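*Asks:* structure for the following, please:
(chains A and B)
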Amino acid sequence: MLGFVARRLLYLVPVLVAVSLLTFLIASLLPGDLAYVILGDQATPEKVEALRHDMGLDQPIWWRYLGWLGHVLQGDFGRSFRTGQTVLQAVTERLPVSFELMILAEIIGLAIGVPLAIACAVRSGSAFDRFMTGSAFGMLSVPTFLSAILLIYLFAVELRWLPATGYVPFQEDPVGNLRFFVLPALTLALAEWPGIMRVLRSDMIATLQEDYIAMAKAKGLKPSRILFVHALKPSSLTLVTITGINIGRLIGGAVIVETIFALPGIGRLLVGAIYTRDLIILQGVVLLVAAGFVIMNFIVDMLYAVLDPRIRYGHA
Amino acid sequence: MATLELSIDEDVAVSPVKRTRRLGPLFWAAIAWIILVFAAAGLVGVLPLPSPTDMDMLERRAPASPLHWLGTDGLGRDELARLIYGARISLIVGLCAPMIGVTIGGALGMLAGYFRGRLETLVVGSMDVLLAFPPLILALAVTAYLGQSLLNLTCILGVLGIPAFMRVARAATLTLARREFVIAAQALGATHARILLRELLPNVFLPLVAFFLLGVAVFIVVEGAMSFLGLGVPPPISSWGSMIGEGRESLDVAPSLAFIPAITMFLTVLSFNLIGDTLRAFTDPRQGAL
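*Replies:* Numbering: from 1, shown residues only, chains lettered A, B, ... in the order given. Below you'll find the predicted structure:
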């Protein structure tokens, strides 16, 4: 196990370096000079030249990359030239919001997807199964921003049950906080459950034909126990896999959902940085999100190894 | 949903239901809808439509009338015309972006799967770096620097699609390269180029096409999401995403402004998904996949 972890960790290093290089190159090579953006309308060639010199933008690119990487490794991702806030401050301030959103979404997604998958697997081929499989397929074609609009229209405009946009910190008002999170989390969950259901359903259908399930039935165990404990257990790896695959989609979805529902999370920070052309924040957020994504994928890989010994010892 | 997560779905349903080989009415409905959208987008120049950018401040959010079949939007622009012009944007991005992905990714994947060794390590490694970014984040960031235009958007999304197509092509090539007909060709002294183009390509082609159609659906969604955020194609060009985004502002007074493009987009994405999924089932040799 230790050897496996060490090997995966070693692979992490070049990927992270490449990610930082790509982030830096996107920010440096593409048009849109930082000095022009900062100076705005008052940009004269002399002023731009002076600022470029002050910021070190006139130095060779590899030198700038190494300098930047050095700062990043010390935790210095730069400072917004619009708000004066450091990237790290801005991100740590908003991270809890994004995490809360994604965790709630995943919980709701699992709460819808797992029972439906089990119900479909038990009666596979029935009208109910075909209807749910069809609905899941249809739901896969509904983009996040469409379900967001639909939910806002239904619950905020027509029924007026829930607020359409806004946010209060959990510490100040836990109930209010959750009320603000219901629609955004539900929006993301609507994109999550079809994938969960489809994969888990086919997994369960195979599991239910195993001998040990027949054995459990013969022993006279309660059907609910057989389904939720015996049959679900071997599918835990599948659930981890789906969750792992979903992370990237969740992050992308969170960007859209946070913007629509005005939740002050990382996604909104990113989109806001693009709107105001706050390039330092943009670069820092992209790097941190990508690094976080790589590390989360690494953790998912580790979870596989914990759950499935074949991966640990076999052809990993 | 709105990402480039073109996951290779391992949906090996051992469903006891015997699914028939016939293509159902749903499949043909999907084909019909796609043809309709294509025809409308292609014939937009000759259709008797009002201009999609002419504003009429006296006729804002007007209901459907003989002049404006689907009414007008918040700036008094004809909704139907904007919808059809928007279809052009969705189809251009939706078709061209995966075209870039399937060409470059397909070629890289076949080369990696056929030659293996260092080349494979390099290709797979660099794709891993591209995959290390959540796709929508990378697309938004690059657009922010490059500037918003249809060409930029298509190219960025195309590049983002490369890893997924590379994986499909490589996986298919890996299994095919060990098959008898390839070994026979090698024994007959065929060149690498001939084996890749004449023996492998025809076999890798079908899975790639099926995946391409699923890719079209994904890219239409991503373009829609970016335009919805106001970071896709720049105004005044209409796109389904930007129309939905504008319609969101008036959900309480004129919900149809958001729902008409939303339904159009949903039907189009669903159709591409249906066709792609059906084709994939046909090209998938695994038992139970049909």
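*Asks:* skip the chain neighbours and tell me the closest residue to B:Met29.
*Replies:* Quick fix: residue B:29 reads Ala, not Met. Residue nearest to B:Ala29 in three dimensions, not counting chain neighbours: B:Ser271, with 7.9 Å by CB to CB, 6 or more residues apart in numbering or on different chains. (Each C-beta comes from the backbone N, C-alpha and C, glycine too.)
*Asks:* pull the distance from the strand or helix carrying the one you found to the chain's centre.
*Replies:* Using DSSP states H and E, B:Ser271 falls within helix B:256-283. Distance of helix B:256-283 from the chain centroid (CA atoms, centre = their mean, to the nearest Å) equals 10 Å.
*Asks:* what does stretch A:184-193 give?
*Replies:* Distance of stretch A:184-193 from its chain centroid, counting by CA atoms, centre = their mean, is 12 Å.
*Asks:* can you pull the contacts of the spatially most central residue of chain A?
*Replies:* With distances taken as CA atoms, centre = their mean, A:Ile251 lies nearest the centre of chain A, 2.8 Å away. Contact analysis of A:Ile251 by CB atoms under 8 Å, 6 or more residues apart in numbering or on different chains lists A:Met102, A:Gly267, A:Val289, A:Phe293, B:Pro134, B:Leu136, B:Ile137.
*Asks:* what are the buried residues along the helix or strand hosting it?
*Replies:* Using DSSP H and E, A:Ile251 maps to helix A:236-261. Using 16 or more other CB atoms under 10 Å in any protein chain shown as the test for burial, helix A:236-261 gives A:237-261.
*Asks:* and if you look at stretch A:110-126?
*Replies:* Result for stretch A:110-126 [16+ other CB under 10 Å]: buried residues A:Leu110, A:Ile112, A:Gly113, A:Val114, A:Leu116, A:Ala117, A:Ile118, A:Ala119, A:Cys120, A:Ala121, A:Val122, A:Ser124.
*Asks:* which of these sits closest to chain B?
*Replies:* Using CB to the nearest CB, A:Ser124 comes nearest to chain B of the buried residues of stretch A:110-126, at 6.2 Å.
*Asks:* backbone dihedrals for that closest one, please?
*Replies:* Here the main-chain torsion angles of A:Ser124 (degrees, to the nearest 10) amount to phi -60, psi 130.
*Asks:* model confidence score at residue 48, please.
*Replies:* Defaulting to chain A. In this model, A:Val48 is scored at 74, pLDDT.
*Asks:* that's the wrong chain, I meant chain B
*Replies:* pLDDT recorded at B:Pro48 is 71.
*Asks:* next: B:Ala29.
*Replies:* Note for B:Ala29: predicted pLDDT of 90.
*Asks:* what's the helix or strand for it?
*Replies:* According to DSSP H and E, B:Ala29 maps onto helix B:25-42.
*Asks:* the residue nearest the centre of chain B: helix or strand, and which one exactly?
*Replies:* The centroid of chain B falls nearest to B:Val216 when counting by CA atoms, centre = their mean (1.4 Å). According to DSSP H and E, B:Val216 maps onto helix B:201-228.
*Asks:* helices or strands next to that helix in the packing?
*Replies:* On a contact count with 3 or more CB pairs under 8 Å, 6 or more residues apart in numbering or on different chains; DSSP states H and E, helix B:201-228 meets helix A:144-151, helix B:79-115, helix B:135-146, helix B:150-176, helix B:240-248, helix B:256-283.
*Asks:* chain center to the first one: distance?
*Replies:* Its chain's C-alpha centre lies 18 Å from the corresponding centre of helix A:144-151 when counted by CA atoms, centre = their mean.
*Asks:* what do you get for the fifth one?
*Replies:* Put simply, helix B:240-248 sits 19 Å off its chain's centre (CA atoms, centre = their mean).
*Asks:* same check, this time on the longest one
*Replies:* Offset of helix B:79-115 from its chain centre (CA atoms, centre = their mean): 6 Å.
*Asks:* can you list the buried residues in it?
*Replies:* By neighbour count, with 16+ other CB under 10 Å as the criterion, the buried positions of helix B:79-115 are B:79-102, B:104-114.
*Asks:* likewise for stretch A:146-156?
*Replies:* A:Leu146, A:Ser147, A:Ala148, A:Ile149, A:Leu150, A:Leu151, A:Ile152, A:Tyr153, A:Phe155, A:Ala156.
*Asks:* can I get those in TSV with pLDDT and distance to chain B?
*Replies:* Output for the buried residues of stretch A:146-156, formatted as TSV (pLDDT from 0 to 100; distance: CB to the nearest CB, whole Å):
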residue	pLDDT	distance to chain B
A:Leu146	89	5
A:Ser147	89	8
A:Ala148	90	9
A:Ile149	88	5
A:Leu150	89	8
A:Leu151	89	11
A:Ile152	87	6
A:Tyr153	87	5
A:Phe155	86	12
A:Ala156	83	8
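*Asks:* distance to A:Pro223 added to those, as CSV?
*Replies:* Formatted as CSV, the buried residues of stretch A:146-156 follow (distance: CB to CB, whole Å):
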residue, distance to A:Pro223
A:Leu146, 38
A:Ser147, 34
A:Ala148, 38
A:Ile149, 40
A:Leu150, 36
A:Leu151, 35
A:Ile152, 40
A:Tyr153, 40
A:Phe155, 35
A:Ala156, 40
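*Asks:* so what does B:Thr72 have for phi and psi?
*Replies:* phi -130, psi 160.
*Asks:* no wait, A:Trp161
*Replies:* A:Trp161 adopts backbone torsions of phi -90, psi -30, taken as degrees, to the nearest 10.
*Asks:* state the mean pLDDT of stretch B:108-126.
*Replies:* For stretch B:108-126, the per-residue pLDDT averages 89.
*Asks:* pull up the distance across it, start to finish.
*Replies:* Stretch B:108-126 stretches 11 Å from its first residue to its last (CA to CA, to the nearest Å).
*Asks:* ok, and what's touching that stretch?
*Replies:* The contact list for stretch B:108-126 (CB under 8 Å, 6+ apart) reads A:14, A:18, B:127, B:162, B:165-174, B:177, B:192, B:195-196, B:200-201, B:204.
*Asks:* one more: stretch B:210-217?
*Replies:* Stretch B:210-217 has contacts (CB under 8 Å, 6+ apart) with A:141, B:6, B:94-95, B:97-99, B:101-102, B:161, B:164-165, B:168, B:269-270, B:272-273, B:275-277, B:279-280, B:282-283.
*Asks:* give the buried residues for that stretch.
*Replies:* Residues B:Ala210, B:Phe211, B:Phe212, B:Leu213, B:Leu214, B:Gly215, B:Val216, B:Ala217 are the ones in stretch B:210-217 that count as buried (16+ other CB under 10 Å).
*Asks:* how distant is it from the center of its chain?
*Replies:* When distances are taken as CA atoms, centre = their mean, stretch B:210-217 is centred 5 Å away from the chain's centroid.
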